[in-house]
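Q: build me a structure from this.
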Amino acid sequence: MDAPKPAPPPRQQQSPAPTPPPTPSAQHHEAELWNLLRPRESLDDMGVPSTIVTDLLMRMMFQEGEVSLKRFMDVLRISFGVVDQMMLKMQQDHQVEIARAGNLGRASYVYRLTEEGTARARDAFERSQYIGPIPVPVEAYNHAILIQTATRVQVAPEQVQRALSQLILPEGFHRRVGPAINGGSSLFLYGPPGNGKTTVAQAIAGIISGTDPIWMPFAITTGGQIISIYDRLVHKPFELSKEEQENLGEYDRRWALFDRPTVMVGGELTMEALDLRYDEISKFYEAPLQAKANGGMFLIDDFGRQQMEPQQLLNRWIVPLESGFDFLRLRTGQTIQMPFRQLIVFSTNLDPNQLVDGAFLRRIQMKVEVESPDIRMFHVIFETMCRRMGVEFNLDSFKFLIEEWYRKPKRQLQSVHPRDLLKIVKALCDYENKPFLITPQILDEACRCYFV
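A: Next up is the predicted model:
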């Protein structure tokens, strides 16, 4: 095996501590990973049935008419050697013919289907309509995820504090979520609504995304079936500098380097989204949400308000949370095993003890309450929001707000209230073309618009 090439450098600027030299274990993992990513120069070395590659070539020519070798390479993300080998064989079988030939030899050939090839292409579309990067074997995907999640993400307290700096939180709050990020298994955020649980979860997602990037294939295959992994809404390409690209060298282009993914769902989550989804028209599978989140974070916001009962979700995930592996079933009845390696974050404003049972809570490593602010913290939040919105804080108006709209009606303080009320105040001032000022009268009017 060739000597492993260096992986892209970690984002060292996010951590104040210098990166330690790699341990033998880390070097071993890097060598294993690069063995998976090494360039594939023959069909036999790609690990997929030749029928899958042939069908993809056929579908492309049927759809586009005339296709150059470079176009095949760009769409299917394979080397010149593999595509040239396949086209030469198909030409010998009278399935394709050369439409045009340039001055650069076979590299400049443009192909089209023959009549016999057109019939074969229609059969290929009957089997599947997938056109995209050639898949990698599910075993290679599993191995890559396990290698890249073998070492837990390590973030420094300064990183967590910086990510949470936009929020006014109790002192030392970062110590509650930081260990959960480094633990990399599961986190339960709970507490009254409007106090920043979702924002805290989004900050955690930003921290994870900002760590070392992850290699992911665009699609995988098993049992002759294709499963799409890549989701452009989830997988953001990691930007390499020109020097990093040169250092990386050649690799199997069926893989790409992405920021650590984040999948965020709310009340729209269904049980179907957690299993392989087969499209009856396109005739290939889409990976479940937890598979798309592998190596990153999966946030279930408003947990308990989904279209299925919480217990259904908990029963579905209780084994993967324990074992780190998920089991998915194809329409053929075949079961495949995939890693379940992401930080699962549950966020809810419902009572956890009424929402889930003790057995499930034990499997969630960290539980963090995001509490309502006390009057002192609420004061700080209100002043901070005034500065951010460019309006002068008025103590008398603030005292009026607390007395009339919180103490008398016994209303609970919520961290989101200052921002929302000040937005309404600004809208009222703009509507009447008046200066943006805080007075008891306009706060009273804003509260009548805001509170039910």
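Q: please identify which helix or strand holds I227.
A: Using DSSP states H and E, I227 maps to strand 225-228.
Q: so where's the stretch 51-200 of the chain shaky on pLDDT?
A: 184 (pLDDT under 70).
Q: ok so, going back, next structured bit after the strand holding I227?
A: The C-terminal neighbour of strand 225-228 among helices and strands, as given by DSSP H and E, is helix 242-248.
Q: if you count neighbours, what's buried in the helix or strand just after that following helix?
A: Next helix or strand after helix 242-248 toward the C-terminus (DSSP H and E): strand 255-258. By neighbour count on 16 or more other CB atoms under 10 Å, the buried set for strand 255-258 is 255-258. Placement of C-beta: from N, CA and C, glycine included.
Q: packing partners of the strand holding I227?
A: Judged by 3 or more CB pairs under 8 Å, 6 or more residues apart in numbering; DSSP states H and E, strand 225-228 is in contact with strand 219-222, strand 285-286.
Q: recalculate using a threshold of 10 Å.
A: helix 50-64, helix 138-148, strand 219-222, strand 277-278, strand 285-286, strand 335-339 (3 or more CB pairs under 10 Å, 6 or more residues apart in numbering; DSSP states H and E).
Q: got a markdown table for the ones you listed, with mean neighbour count and distance to R106 too?
A: Below are the helices and strands packed on strand 225-228 laid out as a markdown table (neighbours: other CB atoms under 10 Å; distance: least, CB to CB, whole Å):
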| stretch | mean neighbour count | distance to R106 |
| --- | --- | --- |
| helix 50-64 | 19 | 15 |
| helix 138-148 | 20 | 29 |
| strand 219-222 | 22 | 27 |
| strand 277-278 | 14 | 38 |
| strand 285-286 | 22 | 35 |
| strand 335-339 | 17 | 38 |
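Q: domain-wise, how is this protein divided?
A: Following automatic domain parsing, one finds the domains of the chain at 49-134, 138-369, 375-450.
Q: quick one: end-to-end distance for the second one.
A: This means domain 138-369. For domain 138-369, the first and last residues are 39 Å from each other (CA to CA, to the nearest Å).
Q: which residues are contacting the helix or strand containing C386?
A: Element membership for C386 (DSSP H and E) is helix 375-389. Identification of contacts with helix 375-389 by CB atoms under 10 Å, 6 or more residues apart in numbering yields 166-171, 196, 371-373, 391-395, 397-399, 401-402, 406-407, 413-423, 425-426, 436, 438.
Q: mind listing what's buried in that helix?
A: By neighbour count on 16+ other CB under 10 Å, the buried set for helix 375-389 is 377-379, 381-382, 384-386.
Q: quick check: the farthest pair among those residues?
A: Greatest spacing in the buried residues of helix 375-389, by CB to CB: M377 and C386 (15.0 Å).
Q: return stretch 342-354 as PDB; C-alpha atoms alone will do.
A: Extracted in PDB, the C-alpha atoms of stretch 342-354 (Å, rounded to 0.1, in the frame of the first residue of the first chain):
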ATOM      1  CA  GLN A 342     -23.700  11.500  16.100                       C
ATOM      2  CA  LEU A 343     -24.500  13.800  19.000                       C
ATOM      3  CA  ILE A 344     -28.300  13.400  19.500                       C
ATOM      4  CA  VAL A 345     -29.800  16.500  21.100                       C
ATOM      5  CA  PHE A 346     -33.400  16.400  22.400                       C
ATOM      6  CA  SER A 347     -34.900  19.800  23.200                       C
ATOM      7  CA  THR A 348     -38.300  20.100  24.900                       C
ATOM      8  CA  ASN A 349     -40.400  22.400  27.000                       C
ATOM      9  CA  LEU A 350     -42.400  19.500  28.300                       C
ATOM     10  CA  ASP A 351     -41.800  17.700  31.600                       C
ATOM     11  CA  PRO A 352     -39.100  15.100  30.900                       C
ATOM     12  CA  ASN A 353     -40.500  12.800  33.600                       C
ATOM     13  CA  GLN A 354     -43.900  12.700  31.900                       C
END
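Q: ok, and what's touching the host helix or strand of F125?
A: Remark: F125 resides in helix 115-127, with elements defined by DSSP H and E. By CB under 10 Å, 6+ apart, the residues outside helix 115-127 that reach it are 51-52, 54-63, 90-91, 93-97, 111-114, 130-131, 224, 226, 283-284.
Q: could you rerun that using 6 Å?
A: 55, 58-59, 62, 94-96, 113 (CB atoms under 6 Å, 6 or more residues apart in numbering).
Q: neighbours around the closest residue to K236 other than its chain neighbours, how many?
A: Counting by CB to CB, 6 or more residues apart in numbering, K236 lies nearest to D259, which is 4.6 Å off, once chain neighbours are set aside. Counted with other CB atoms under 10 Å, residues neighbouring D259 total 22.
Q: same question for the one 4 residues further on.
A: The local packing count at V263 equals 22, with neighbours defined by other CB under 10 Å.
Q: the chain should start at 57 in everything you say after this.
A: Got it, the first residue is 57 from now on, which makes the last one we talked about V319.
Q: secondary structure element for it, which one?
A: With DSSP H and E as the criterion, V319 is inside strand 318-321.
Q: ranges for the helices of the stretch 107-256 of the chain?
A: With DSSP state H, counting those that start in this stretch as the criterion, the stretch 107-256 of the chain has helices at 125-132, 136-148, 171-183, 194-204, 213-219, 230-239, 253-265.
Q: adding distance to N91, write the ones you listed out as TSV.
A: Compiled in TSV, these are given as follows (distance: least, CB to CB, whole Å):
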stretch	distance to N91
helix 125-132	22
helix 136-148	18
helix 171-183	31
helix 194-204	9
helix 213-219	32
helix 230-239	28
helix 253-265	26
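Q: so for R419, which of the ones you listed sits nearest?
A: helix 230-239 (12.7 Å).
Q: and the angle from that closest one to helix 253-265?
A: 50 degrees (axes from the mean of the first three to the mean of the last three CA atoms, to 10 degrees).
Q: can you count the residues close to S297?
A: A count of nearby residues for S297, using other CB under 10 Å, gives 10.
Q: any idea how far A329 is from it?
A: As judged by CB to CB, to the nearest Å, S297 and A329 stand 36 Å apart.
Q: list the contacts for F244?
A: With CB under 6 Å, 6+ apart, F244 has these contacts: 402, 420, 423.
Q: mind checking which of those residues are buried?
A: Buried, going by 16+ other CB under 10 Å: 402, 420, out of the contacts of F244.
Q: lowest-confidence one in the contacts of F244?
A: For those, the least confident position by pLDDT is I420, scoring 80.
Q: surely it meets S242?
A: Yes - counting by CB atoms under 6 Å, S242 is a contact partner of I420 at 4.4 Å.
Q: okay, and Q497 sits in which element?
A: Per DSSP H and E: Q497 is located in helix 496-506.
Q: state the pair within the contacts of helix 171-183 that is farthest apart.
A: Farthest-apart pair in these is R115 and H150; separation 18.5 Å (CB to CB).
Q: now do the strands in the stretch 357-506 of the chain.
A: 381-385, 391-395, 399-404, 422-425 (DSSP state E, counting those that start in this stretch).
Q: show residues contacting the third one.
A: Yep, that's strand 399-404 we're talking about. By CB under 6 Å, 6+ apart, strand 399-404 touches 240, 242-246, 253, 257, 353-357, 359-360.
Q: thanks a lot, catch you later.
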